[in-house]
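J.: predicted model and sequence follow; I will ask about them next.
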Amino acid sequence: MMKVQELIRRKRRLILMQNDEKKKANTDKEKSDLKGTFISVMILGAFLVISWIGAFTLFLSR
Amino acid sequence: MHLHKYEKIWLTLGISALVIFLIVLGYGAFYKGTHPQSHGVTIDPNNIEANDAFKPENLGLTQVADDKYIVNIAVSAFNYNLGKDKDGNVVKHIRIPKGSTVLFQATSKDVVHGFNVAGTNVNMMVEPGYISSLETVMNKPGTYTIVCNEYCGSGHHLMYATLEVYE
């Protein structure tokens, strides 16, 4: 009987530990690193701005 | 809603670009009166002479004020009709003094043609049934070729005239 209770207690502790790990993973996701995405977005933005200025300058100069 | 700091930056940039472009577009259209070259001014393609601008004597270059000119062009396969000179010769070359404001008006008698003064912003589609018009200031001296840039048939490449801007 004692052995069964001990087993149940261990099992509960294991579940709790797993839950803790899941929570940790979730908070990691929220603090996700967007530095690479940000740089890519800025590069794309710079390309758009440069090509727009180029076309507009060509329009004004002709 | 939680937004990442970087997301706020790129959303702000994207939305402001949209707003700026809409303001530029609205300013050009409503304040400066910019419109597509062909904007719903119609004409009967089988009887373009009924319109004053395309009467044979009004074709080609006409001076309307000191530095204002009108160029009327009847376009057909494969020719730009710029009228005839005093001696009755067909005009293929027009001369405009530098700095003049020129209004180009063109219409087609048959199929869709192009009217492009190569190297300038004068570039429009010429459609049968519509009058295409574009006003511009010719500031750069030189000789420009007027070409058709809409494929209009077997003589498409033979369709041209020249425009000279002189000092």
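T.: Nice, thanks for sending it over. Residues are numbered from 1 along each chain as shown, chains lettered A, B, ... in the order given.

J.: going by C-alpha atoms from here, please, whenever you check contacts or count neighbours.
T.: Will do.

J.: centre of the chain to stretch B:47-66, how far?
T.: From the chain centre to the centre of stretch B:47-66 is a distance of 16 Å (C-alpha atoms, centre = their mean, to the nearest Å).

J.: pull up the distance across it, start to finish.
T.: 32 Å (C-alpha to C-alpha, to the nearest Å).

J.: which residue is the nearest non-sequential neighbour of B:M138?
T.: Nearest residue to B:M138, sequence neighbours excluded (C-alpha to C-alpha, 6 or more residues apart in numbering or on different chains): B:G99, at 5.3 Å.

J.: where does residue 46 sit, in terms of helix or strand?
T.: Chain wasn't specified; assuming chain A. A:A46 belongs to helix A:35-61 when assigned by DSSP states H and E.

J.: chain B was what I was after
T.: Per DSSP H and E, there is no helix or strand for B:N46.

J.: pLDDT at the residue nearest to it when sequence neighbours are not counted, what is it?
T.: Leaving aside its sequence neighbours, B:N46 sits nearest to B:K109 (C-alpha to C-alpha, 6+ apart; 6.5 Å). Per-residue pLDDT puts B:K109 at 94.

J.: swap in B:W10?
T.: What the model reports for B:W10 is a pLDDT of 92.

J.: one step back: run the chain-centre distance for the helix holding A:A46.
T.: Relative to its chain's centre, helix A:35-61 lies at 26 Å (C-alpha atoms, centre = their mean).

J.: that older thread, tell me who's in contact with the residue nearest to B:N46.
T.: Listed by C-alpha atoms under 8 Å, 6 or more residues apart in numbering or on different chains, the contact partners of B:K109 are B:45-46, B:48, B:74-76, B:128-129.

J.: in strands, which of the residues you listed appear?
T.: Among those, DSSP state E puts B:74-76 in strands.

J.: quick one on the thing from earlier: just the buried ones from the contacts of B:K109?
T.: Buried subset of the contacts of B:K109 (neighbour count, 16 or more other C-alpha atoms under 10 Å in any protein chain shown): B:45, B:48, B:74-76, B:128-129.

J.: okay if I get those as JSON lines plus distance to chain A?
T.: Output for these, formatted as JSON lines (distance: C-alpha to the nearest C-alpha, whole Å):
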{"residue": "B:P45", "distance to chain A": "32"}
{"residue": "B:I48", "distance to chain A": "31"}
{"residue": "B:A74", "distance to chain A": "25"}
{"residue": "B:V75", "distance to chain A": "24"}
{"residue": "B:S76", "distance to chain A": "27"}
{"residue": "B:P128", "distance to chain A": "27"}
{"residue": "B:G129", "distance to chain A": "29"}
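
J.: with pLDDT and distance to B:H39 added, can I get these in TSV?
T.: Listed next are those as TSV, based on pLDDT from 0 to 100; distance: C-alpha to C-alpha, whole Å:
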residue	pLDDT	distance to B:H39
B:P45	93	16
B:I48	93	17
B:A74	95	18
B:V75	95	18
B:S76	94	20
B:P128	94	13
B:G129	94	11
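
J.: which of the residues you listed sits closest to B:I94?
T.: Nearest to B:I94 among those is B:A74, at 14.6 Å by C-alpha to C-alpha.

J.: skipping adjacent residues, who's closest to the closest one in space?
T.: Take B:A74 and drop its neighbours on the chain: the residue closest to it by C-alpha to C-alpha, 6+ apart is B:N81, 5.0 Å away.

J.: okay, that neighbour: pLDDT?
T.: 94.

J.: B:V122 versus that one, what's the distance?
T.: As judged by C-alpha to C-alpha, B:N81 and B:V122 stand 17 Å apart.
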